[in-house]
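> compute the structure for the input listed below.
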Amino acid sequence: MRPSSHRRFPARRRLALVTTGLVTAAGLGFLPLATRADAGAVDLAHAALAAKDGWASSGSGTTGGQAADAKHDTTVTTRAALVKALRAGPADVPRIIRVKGRIDANTDDQGRPLTCTDYAKGTGYTLAAYLKAYDPAVWGRSKLPSGAQESARAAAQAKQAERVGITVPSNTTIIGVPGTDAGINGGSLLVQKADDVIIRNLTFADTRDCFPQWDPTDGSEGNWNSAYDAVTLRGATHVWADHNSFTDSPHFDASNPRHFGREYQVHDGALDITNASDLVTVSFNRFADHDKTMLIGSSDKDSKLRVTLHHNVFQGIVQRAPLARVGQVHLYNNHFDTTPRDGYIHSYSVNARAGVQIVAQNNHWTLSSDRKTSQLLSGDGTGAFAGSGNMVNGTVTDLVAAHNAANKKKIKPEVAWKPALASGLEASAASLPTSLARRAGAGVLK
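The predicted structure is shown next:
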């Protein structure tokens, strides 16, 4: 990938000043007015993140492709057109990409569907041969797979990655065209070392790895690990992900087979924020039917990671909503529903570890009868979660106290920072289950 510059564009900044008038959209918080020269009406594709709307509004703010010229304002309906639009012109030129309808990422340049068999062709990989080679009874459990079949698996995975992995450069807005069920099936957007990116109004469905790797050393029983997130931020800055939907549908994990006694997991993260990514706002998204949903921090030695999550819905989520390390994370006005859904059984919601400092304000948990309040948080004994106004089934509840009373590894209840970027913070979480049911996710924006 070509290296990305973090250079800001004066034209974009001038346009941002013109469009800083704010309107209060009913039920949507504060959104900036942005008027196209040829329309005279609000154009979502030119909208920037409002002032004080989470960490991504810090400093120079997040305007994405707002300053794009007509040449770099493109509507796409296929994977090939999407990739072409992302690569057109200088690497960091402002660009707007309007996704119309569903794009299938598992297609060739002519739009023909590609299957797992197509990716494996010519590599020598077969699942049967892989299982035979690395059966723990033969291979053991002390080392990662290596040799002919592991090399073949990696080669097949690389062929799929070339199709489904789509790199997003700096100064880009990718937005679904309202009313078209816009989204990407099976794709993985990668925002790597890029600055100023907006991703809105898209459904990301079934980002599936055909070739998971067996790791006998992962945990006490080993695990199958897959490679692709629906959206991955690595070393990215000033990113706004808003009004998107993330789901494993139609391939739910309950349909995954088991090999070596473990689930053959074909899904990785929904939205992962890692490798010193910074100044990120995740708002009004819907996360549903997924296991490992969101990482903030790839390891305990990661850095930066200032992230805001507000007005998101988590339903049918097993874990990592989010799992957060190291940084300063602000969670406010989110709704977490622990009710089992489509075979996904809740384990925990928020994991605070590696010294992370989380401020959680006025979130709402709908706690199902099979779960306890003490199971909503998790941690390694080093993370902090400063909560206020958080509700469980309509009652304000001290989540940290409930966790600490039932677990040996304690979560610290205090942090050393105070959020200053919380536009639209609602004073009570009571109405969130009802209001976010109609306000969050793709297809809401008009």
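
> how about the helices in the chain?
10-18, 79-87, 116-120, 127-134, 136-139, 148-164, 399-406, 432-439 (DSSP state H).

> redo these as CSV? Include distance to Trp417 and mean pLDDT.
In this view, the C-beta of every residue, glycine as well, is placed from N, C-alpha and C. Output for the helices of the chain, formatted as CSV (distance: least, CB to CB, whole Å; pLDDT from 0 to 100):
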stretch, distance to Trp417, mean pLDDT
helix 10-18, 27, 34
helix 79-87, 35, 98
helix 116-120, 45, 98
helix 127-134, 46, 98
helix 136-139, 46, 97
helix 148-164, 37, 98
helix 399-406, 17, 98
helix 432-439, 24, 98
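
> spatially, what comes nearest to Ala56 if we skip its sequence neighbours?
Thr281 (3.7 Å; CB to CB, 6 or more residues apart in numbering).

> redo the helices of the chain as a markdown table? Include distance to Gly355 and mean neighbour count.
Shown next, in a markdown table, are those (distance: least, CB to CB, whole Å; neighbours: other CB atoms under 10 Å):
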| stretch | distance to Gly355 | mean neighbour count |
| --- | --- | --- |
| helix 10-18 | 35 | 14 |
| helix 79-87 | 36 | 18 |
| helix 116-120 | 40 | 18 |
| helix 127-134 | 36 | 16 |
| helix 136-139 | 35 | 12 |
| helix 148-164 | 33 | 19 |
| helix 399-406 | 16 | 18 |
| helix 432-439 | 29 | 16 |
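
> any idea which of those gets closest to Gly59?
Nearest of those to Gly59, taken as CB to CB: helix 10-18 at 12.0 Å.

> tell me who's in contact with Asp215.
Going by CB atoms under 8 Å, 6 or more residues apart in numbering, Asp215 touches Leu144, Gly222, Asn223, Trp224, Asn225.

> tell me how many other residues surround the nearest residue to Asn201 once chain neighbours are set aside.
Excluding its sequence neighbours, the residue lying closest to Asn201 (CB to CB, 6+ apart) is Gly176, at 3.8 Å. Using other CB atoms under 10 Å, the number of residues around Gly176 comes to 28.

> got the contact list for Gly176?
Counted by CB under 8 Å, 6+ apart, Gly176 has contacts Arg98, Val99, Lys100, Ala182, Gly183, Arg200, Asn201, Leu202, Thr203, Ala442, Gly443, Leu445.

> again, only this time at 6 Å
By CB atoms under 6 Å, 6 or more residues apart in numbering, the contact set of Gly176 is Val99, Ala182, Asn201, Leu202.

> what's the distance between it and Asp69?
22 Å (CB to CB, to the nearest Å).

> what of His311?
Counting by CB to CB, the gap from His311 to Asp69 is 32 Å.

> and if you look at Asn333?
Where Asp69 is concerned, Asn333 sits at a distance of 37 Å (CB to CB).

> the more surrounded of those two?
Higher neighbour count among Asn333 and Asp69: Asn333, with 27 against 13, using other CB under 10 Å.

> can you list phi and psi of that one for me?
phi 60, psi 40 (degrees, to the nearest 10).

> how about it, what does it touch?
Asn333 makes contact with His310, His311, Asn362, Glu426, according to CB under 6 Å, 6+ apart.

> those residues in strands, which ones?
Among the contacts of Asn333, the ones falling in strands (DSSP state E) are His310.

> in the protein, which residue is closest to the centre?
Most central in the chain under CA atoms, centre = their mean is Leu271, positioned 1.6 Å from the mean C-alpha point.

> so that one makes contact with Val231?
Yes. In this structure, Leu271 is within contact of Val231 by CB atoms under 6 Å, at 4.7 Å.

> about what we covered before: isn't the residue nearest to Ala56 up against Arg306?
No. Look at Thr281 against Arg306 with CB under 6 Å: they stay out of range, at 9.9 Å.

> what about the helices of the chain, which gets the closest to Gly387?
Among those, the nearest to Gly387 by CB to CB is helix 399-406 (5.4 Å).

> which members of the contacts of Asp215 are the farthest-apart pair?
Leu144 and Trp224 (12.7 Å).

> neighbour count for those two, which is higher?
Using other CB under 10 Å, the more surrounded residue of Leu144 and Trp224 is Trp224, with 20 against 13.

> show me what Ile273 is bridged to.
Beta-bridge partners for Ile273, by DSSP bridges, are Leu233, Ile296.

> where's Asp215 relative to Val99, distance?
35 Å.

> for the chain, identify the residue most remote from the centre.
Outermost residue of the chain (CA atoms, centre = their mean): Val138, 37.8 Å.

> would you mind measuring the gap between the ends of stretch 169-185?
The first residue of stretch 169-185 is 20 Å away from its last residue (CA to CA, to the nearest Å).

> what residues of that stretch count as buried?
Using 16 or more other CB atoms under 10 Å as the test for burial, stretch 169-185 gives 169-178, 180, 182-185.

> distance from that stretch to the middle of the chain?
14 Å (CA atoms, centre = their mean, to the nearest Å).
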